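S.K.: Mind looking at a prediction? Sequence and model below.
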Amino acid sequence: MRYGVLQRGLLSVVFITVVIVVLASLIPTSACIDPRSLYAVEVVLNKPGVKYNLTMLEQVAGDSIVK
């Protein structure tokens, strides 16, 4: 009888741990995904002396680039 109680307790601890790990790994990644646009990017061009080649982005985005 005692072995069954310990086994159930161990299984519940393992289950709760798995649920917590899965939930903790899903929360931060869901903020980074925007299903409306796979090519959505934000670039800050404020560092002096640094030049960016955005021709590939212009080809993909077309008219949706804000300058």
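M.R.: Yep, that arrived. Numbers count the residues shown, from 1 in each chain.
S.K.: so after the top helix by length along the chain, what's the next helix or strand?
M.R.: The residue-count maximum for a helix in the chain (DSSP state H) belongs to helix 2-30. Downstream of helix 2-30, the next assigned helix or strand under DSSP states H and E is helix 55-61.
S.K.: now for that next one, which elements pack on it?
M.R.: Packing partners of helix 55-61 (3 or more CB pairs under 8 Å, 6 or more residues apart in numbering; DSSP states H and E): none among the helices and strands. C-beta coordinates here come from the backbone N, C-alpha and C atoms, glycine included.
S.K.: Quick one: mean pLDDT for that helix?
M.R.: Helix 55-61 shows a mean pLDDT of 77.
S.K.: Dump the C-alpha coordinates for it into PDB.
M.R.: Only the C-alpha atoms of helix 55-61 are listed here, as PDB (Å, rounded to 0.1, in the frame of the first residue of the first chain):
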ATOM      1  CA  THR A  55      18.300  46.000 -50.400                       C
ATOM      2  CA  MET A  56      17.100  42.400 -49.600                       C
ATOM      3  CA  LEU A  57      14.600  43.800 -47.100                       C
ATOM      4  CA  GLU A  58      13.400  46.300 -49.800                       C
ATOM      5  CA  GLN A  59      12.900  43.500 -52.300                       C
ATOM      6  CA  VAL A  60      10.900  41.400 -49.800                       C
ATOM      7  CA  ALA A  61       8.800  44.200 -48.300                       C
END
